[in-house]
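coordinates for the following, if possible.
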Amino acid sequence: MEVESVRCECCGLKEDCTQDYINEVKAKFDGKWLCGLCSEAVRDEVSRSKKQFDVEEAVRAHMSFCGNFKSNPAVRVADGMRQMLRRRSGDLSSPSSSKKFTRSASTKLY
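Below you'll find the model as predicted:
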């Protein structure tokens with residue numbers, strides 16, 4: 001079973017996957033390969049949307065969202081995980097009330 005590196009078409013994160021898995025993911029998301037976090041975000045958007053997004057619309061919306069943020073993919077993954085965990089825990093409070101979870105300005109990313 002051969003493994004190849006593939007880049008998420010939303011956030012740019014690279015993962016090593018088998019060709020079978022890559023094909024399976026592309027089949028679910030309108031021919032686009034999405035990393036695990038982006039695929040969860042798209043599924044979440046489809047299931048929670050008030051205007052009944054189909055998968056193709058949800059992928060386009062998420063790609064647009066990711067395109068608005070030009071930072072390190074690892075930082076976006078961490079921020080996305082934090083947001084997803086907040087949603088699932090029911091804590092949708094304003095960002096100002098959750099300052100204890102933000103990174104300080106002195107934190108360096110390598």
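
give the closest residue to the residue positioned nearest the centre of the chain in space, chain neighbours not counted.
Centroid-nearest residue in the chain, with CA atoms, centre = their mean: residue 38, separated by 2.7 Å. Closest residue in space to residue 38, ignoring its immediate chain neighbours: residue 10 at 4.2 Å, by CB to CB, 6 or more residues apart in numbering. Where C-beta positions appear, they are placed from N, C-alpha and C, glycine not excepted.

output the lengthiest helix in the chain as CSV, nothing but the C-alphas.
In the chain, assigned by DSSP state H, the helix with the most residues is helix 73-89. C-alpha atoms of helix 73-89 as CSV (Å, rounded to 0.1, in the frame of the first residue of the first chain):
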residue,chain,number,x,y,z
PRO,A,73,-1.7,25.9,8.6
ALA,A,74,-0.8,24.5,12.0
VAL,A,75,-2.1,27.6,13.7
ARG,A,76,-5.3,27.4,11.7
VAL,A,77,-5.8,23.8,12.7
ALA,A,78,-5.4,24.7,16.4
ASP,A,79,-7.8,27.6,16.1
GLY,A,80,-10.3,25.4,14.2
MET,A,81,-10.1,22.7,16.8
ARG,A,82,-10.7,25.2,19.6
GLN,A,83,-13.7,26.6,17.7
MET,A,84,-15.1,23.1,17.1
LEU,A,85,-14.7,22.1,20.7
ARG,A,86,-16.4,25.3,21.8
ARG,A,87,-19.3,24.5,19.5
ARG,A,88,-19.7,21.0,20.7
SER,A,89,-19.5,22.0,24.3
